[in-house]
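S.K.: need coordinates for the following:
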Amino acid sequence: MSNKKVPISPNLTNEKLLKTLVENRTIYNLENCELNLFETYQKSALVPLQFSDLVVTSMLKGKKVMHLFDKEGFDYLPGESVIIPSNVEMKIDFPEATFDNPTQCLALAIDNKKIVDTLNFLNEKYPKEGNKNFWQLDATNFYFENNEEIAVLINKIINICQSTSIFKDTLADLSLQELLVKIIQSQTLKGVSEDTSQISNPTLLHLISIIRENIGNKIELKEIAKKTGLSTSSLYRLFKNELGISPVEFVILEKIKLAKRYLANKDVYIKNVSYEAGFEDSNYFIRLFKHYEGITPKQYQQLLHKKQ
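M.R.: This is a model prediction of the structure:
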């Protein structure tokens with residue numbers, strides 16, 4: 001079953017060229033980043049790892065258990081990413097690793113200046129309201145599922161780092177900036193999804209409340225804008241500046257979130273889920289769900305109940 005949230009795994013190292021069976025490391029150095037590919041072929045526990053720069057890690061194969069920030073260990077699986085601040089030690093378990101079932105994970109260390117430049121660009125180009133409200137990487141929101149866009153960008157960066165192009169540093173810089181923007185956007189949306197108290201803009205809070213109260217129905221953004229005294233263009237600008245996405249995309253994400261709750265019932269029909277989540281066309285719902293989740297609603301439902 002193909003999952004578009006999982007980056008394409010590069011070829012594993014030839015067995016004869018392995019330096020170690022635990023976290024065998026291949027390094028690609030560029031001007032503003034360092035790509036590390038780690039492979040493990042035997043069960044191990046509490047393997048320490050630390051970087052001097054902020055690192056974006058993403059699982060490609062197998063299973064790890066990550067120990068970070070003195071928190072309880074959590075399963076780390078393909079299609080998931082973890083951001084680790086500079087000079088923070090992680091400890092890693094490999095409960096299932098064998099030659100037949102190795103783990104493979106990438107760690108992309110990004111130069112701090114590149115991060116600062118990207119954040120400055122966002123805050124100058126798309127300023128949020130309020131003197132203390134800025135776009136930033138959230139160290140507390142360090143663990144997230146990839147979306148398709150993040151997986152595509154990770155694939156792109158792997159290909160650039162492994163290429164022999166004379167323009168690889170320039171190409172990598174462009175992709176790094178885009179990846180950082182997408183991660184910040186993903187963190188912001190995850191934060192809003194879990195806790196709206198972090199939103200300081202009362203108009204945006206009111207709009208989100210209206211959307212969520214009516215999420216199972218057809219939502220007309222013009223009507224919602226009128227309820228808060230905004231023009232449609234002002235509504236779009238507010239969502240773009242505060243959340244990094246359009247109100248249309250926010251509505252879609254909220255509907256998909258609702259659909260996933262319904263899919264927790266293994267007996268529910270996809271057509272009924274589509275209707276309950278406010279989609280008039282079940283085929284359109286399936287296409288959207290696959291675009292954002294990487295798999296179809298039926299595949300999501302099957303995976304969910306396979307784990308139980």
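S.K.: average pLDDT for stretch 148-158?
M.R.: What stretch 148-158 shows for mean pLDDT is 91.
S.K.: longest single helix anywhere in the chain?
M.R.: For the chain, the longest helix by residue count, based on DSSP state H, is helix 168-194.
S.K.: pLDDT weak spots in this structure?
M.R.: The chain contains residues with pLDDT under 70 at 1-4, 129-132, 195-198, 307-308.
S.K.: and the helices in it?
M.R.: According to DSSP H, the helices that the chain contains are 112-125, 148-162, 168-194, 202-213, 221-227, 232-243, 247-262, 270-276, 282-293, 297-306.
S.K.: winner for burial among these?
M.R.: helix 148-162 (a mean of 20; mean count of other Cβ atoms under 10 Å). C-betas here are computed from N, CA, C, even on glycine.
S.K.: what sits against Glu124?
M.R.: Residues counted as contacts of Glu124 (Cβ atoms under 8 Å, 6 or more residues apart in numbering): none.
S.K.: if I look at it, how far off is Thr118?
M.R.: Note on Glu124: its distance to Thr118, by Cβ to Cβ, to the nearest Å, is 11 Å.
S.K.: hang on, the earlier thing: out of the helices of the chain, flag the one nearest Thr140.
M.R.: Checking these against Thr140 by Cβ to Cβ gives helix 168-194 as the closest, at 9.1 Å.
S.K.: tell me the angle the closest one makes with helix 202-213.
M.R.: For helix 168-194 against helix 202-213, the angle by axes from the mean of the first three to the mean of the last three Cα atoms, to 10 degrees is 70 degrees.
S.K.: against which helices or strands is helix 168-194 packed?
M.R.: When contacts are defined as 3 or more Cβ pairs under 8 Å, 6 or more residues apart in numbering; DSSP states H and E, helix 168-194 sits against helix 112-125, strand 143-145, helix 148-162, helix 232-243, helix 247-262.
S.K.: remind me what the third one packs against, helices and strands.
M.R.: Okay, so that is helix 148-162. Helix 148-162 is packed against strand 33-40, strand 103-110, helix 168-194, with contacts defined by 3+ Cβ pairs under 8 Å, 6+ apart.
S.K.: next one: the longest one
M.R.: Using 3+ Cβ pairs under 8 Å, 6+ apart as the contact test, the elements touching helix 247-262 are helix 168-194, helix 202-213, helix 221-227, helix 232-243, helix 270-276, helix 282-293.
S.K.: touching it from outside, list them.
M.R.: 189, 193, 207-208, 211-212, 215-216, 219, 221, 224, 235-236, 239, 243, 245, 268, 272-274, 276-279, 285, 288-289, 292-293, 297, 300.
S.K.: switch the cut-off to 7 Å
M.R.: 189, 193, 211-212, 215-216, 219, 221, 235-236, 239, 243, 268, 273, 276-279, 288-289, 292-293, 297, 300 (Cβ atoms under 7 Å, 6 or more residues apart in numbering).
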